[in-house]
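Trainee: sequence plus the predicted model coming up.
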Amino acid sequence: MLALVTDSTCGLTRDEARELGVDIVPMSYVADGVRHAEGFVGETGDYADLFWRSHLVTSEAVRPSAFRRALRPHLEAGDDVVCLTISSRLSGTFRSAEQAARTLRAQYEDGPQICVVDSWLTAGALEFMVRRARLRADQGVSLDEIVRDLERERRARCIAFSVPDLRALHRSGRLGAFGRSVATKLNRYPVMLLEEGGIVEAGYGRGAHGMGTALVRLAGDGAHSFVISHFGERGVEAQQLLVAVHERFPHAPVRVKDGGPVLAKHLGLGAVGLSWE
């Protein structure tokens, strides 16, 4: 049997995680010195209000010990494990999972296998990868082939996003020099894309509707399933993005989800993301 493990930025609800048979390892954020574990979608509380009231909010990658606690029971049950993580270029979580896997491989030399895969993605796009892994496992595909499949298929799952301003991303150190001029122009929303796990410039949209159109334009004609992530309250940006998806892909399923506090800390409250496959 194959076990699946991922981190909480995948944006799954408790019921979805149970249905997929995936263990979620929570990432953490710290607001004014108080540590909070990121929960399932719909179970994160009013983190937007907490952020507004806090003087300092930081986030933490999952520690190797947390991955060891998640992985060990599966090995003891004799199950192989695939662990899919947020892009290694956005978080140290992948490195923590690799470190945990190395430790456990040494302890279970003749036992089940552990494979850690850098998804290059996060949010709804990481969810698509988890669903792909479960599909292939249910089809009886071998562990090695599942890993090869995921490493190929991560190119066919994408996430783009837009932020109300770039200060949060600049503070995170993940943005470089991109967007300083764009951010100063009235009513222009910078649009970014994850490419091989890193943030790249993809243009801008004028106003919330233009932003939604610009995000949807990045999806190829073959895109057939979407997740919209909103960070903080679901506002006009998420609404306009939903309209834009329906206009271009009227028959495609679209789910709208809270993107969670950890990504919100880095993107800023009011940001939106569009994932597709």
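Mentor: Received it, and whenever you're ready, just let me know what you need. Numbering: from 1, shown residues only.
Trainee: pLDDT score assigned to the residue of the chain positioned farthest from its centre?
Mentor: Most distant from the centre of the chain: Asp110, at 33.0 Å, with distances by C-alpha atoms, centre = their mean. Asp110 carries a pLDDT score of 86 in this model.
Trainee: so how far is Leu75 from it?
Mentor: 11 Å (C-beta to C-beta, to the nearest Å). Where C-beta positions appear, they are placed from N, C-alpha and C, glycine not excepted.
Trainee: in terms of helices and strands, where is the residue farthest from the centre of the chain?
Mentor: Here Asp110 is covered by no helix or strand, with elements defined by DSSP states H and E.
Trainee: may I have the phi/psi pair for it?
Mentor: The phi/psi pair for Asp110 (degrees, to the nearest 10) reads phi -100, psi 20.
Trainee: just Glu153 next, same as before
Mentor: Backbone torsions of Glu153, given as degrees, to the nearest 10, read phi -70, psi -20.
Trainee: please verify my assumption that it contacts Arg131.
Mentor: No - the criterion here is C-beta atoms under 8 Å, and Glu153 misses it with Arg131 at 10.6 Å.
Trainee: those two: which has the busier surroundings?
Mentor: Arg131 (20 against 16; other C-beta atoms under 10 Å).
Trainee: and the helices in this structure?
Mentor: Using DSSP state H, the helices of the chain run over residues 14-20, 47-53, 64-76, 93-107, 123-138, 143-153, 167-172, 180-183, 207-217, 236-248, 261-267.
Trainee: among those helices, which is the most enclosed?
Mentor: Compared across the helices of the chain, helix 261-267 shows the largest average neighbour count, a mean of 26 (mean count of other C-beta atoms under 10 Å).
Trainee: so how far is that helix off the chain centroid?
Mentor: The chain centroid and the centroid of helix 261-267 are separated by 10 Å under C-alpha atoms, centre = their mean, to the nearest Å.
Trainee: what's next to it, contact-wise?
Mentor: Residues from elsewhere that reach helix 261-267, judged by C-beta atoms under 8 Å, 6 or more residues apart in numbering: 8-9, 27-29, 36, 38, 44, 47-48, 50-51, 57-59, 90, 122-123, 161, 163, 168-169, 172, 174, 229, 231-232, 259, 271, 273.
Trainee: mind doing that once more with 6 Å?
Mentor: The contact list for helix 261-267 (C-beta atoms under 6 Å, 6 or more residues apart in numbering) reads 9, 27, 29, 38, 44, 47, 57, 59, 163, 172, 231-232.
Trainee: I'd like the distance between the residue farthest from the centre of the chain and Glu277.
Mentor: Asp110 is 37 Å from Glu277, by C-beta to C-beta.
Trainee: repeat that for Val243.
Mentor: Distance of Val243 to Glu277, given as C-beta to C-beta: 21 Å.
Trainee: got the contact list for the closest residue to Thr213 other than its chain neighbours?
Mentor: Among residues not flanking Thr213 along the chain, Ala244 sits closest, at 5.0 Å (C-beta to C-beta, 6 or more residues apart in numbering). Ala244 makes contact with 212-213, 216, according to C-beta under 6 Å, 6+ apart.
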